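Q: 3D, please:
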Amino acid sequence: MRPHFDRLYRLAWHLAGQKAEAEDLFQELLIKAYVKVDELAKIEEPGSWLSRIMYNLFIDERRRFTRRRLQTVEEAQLAGEGLAAFAGNDDPLRDTQQRDKIRALDAALSQLSDEHRLVVLLHDTEGYKLKEIQSLIGVPVGTIKSRLHRARARLREILTQSGTFS
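A: Numbers count the residues shown, from 1 in each chain. Reported below is the predicted structural model:
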């Protein structure tokens, strides 16, 4: 399982959107996988199998708790540090512009439906192939392509309206 940890944690982060929830989701996955370690050893594509379990755990948790919790001050500070590290150059104006673009993109992503946001993040950010996304969320490839196209078009619309990206 260890070779898949980084990718699985990133998936947990994208699904949950918060550090604490991502860690909880990842930990739940490890507990579920440990119980089925014999079954896992026989699987040809353990990364996809583990991703599917994590997605199902996320959906189950989302159904139980539909209310989003507030971001803690610590998480907000960590997010700000992450933005600064991402920009990482010596030009303060450029750093500020880069942070503004990242925030605008994050805000635009938050305006998408869960299905559209998930497909965009999995495909464009994490590099999952369409077939992998199909096995992960259990939706036909044609539907995934459609969601991806609509999500990108909506993102383009939101970002153009905000004037962030012209």
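Q: C-terminal to the worst-scoring helix or strand of the chain on mean pLDDT, what's the next element?
A: Across the helices and strands of the chain, mean pLDDT, DSSP states H and E gives its lowest value to helix 73-87, namely a mean of 49. Note on helix 73-87: by DSSP states H and E, the next helix or strand toward the C-terminus is helix 92-110.
Q: C-terminal to that following helix, what's the next element?
A: Under the assignment DSSP H and E, the closest C-terminal helix or strand after helix 92-110 is helix 114-120.
Q: What are the buried residues along the next helix or strand after that next one?
A: Scanning forward in sequence from helix 114-120 by DSSP H and E, the next helix or strand is helix 130-137. Neighbour counts using 16 or more other CB atoms under 10 Å place 130, 132-137 of helix 130-137 among the buried residues. All C-beta spots, glycine's among them, are computed from the backbone N, C-alpha and C.
Q: The longest helix seen in the chain packs against which elements?
A: What stands out as the longest helix in the chain, according to DSSP state H, is helix 141-162. Counting contacts by 3 or more CB pairs under 8 Å, 6 or more residues apart in numbering; DSSP states H and E, helix 141-162 packs against helix 92-110, helix 114-120, helix 130-137.
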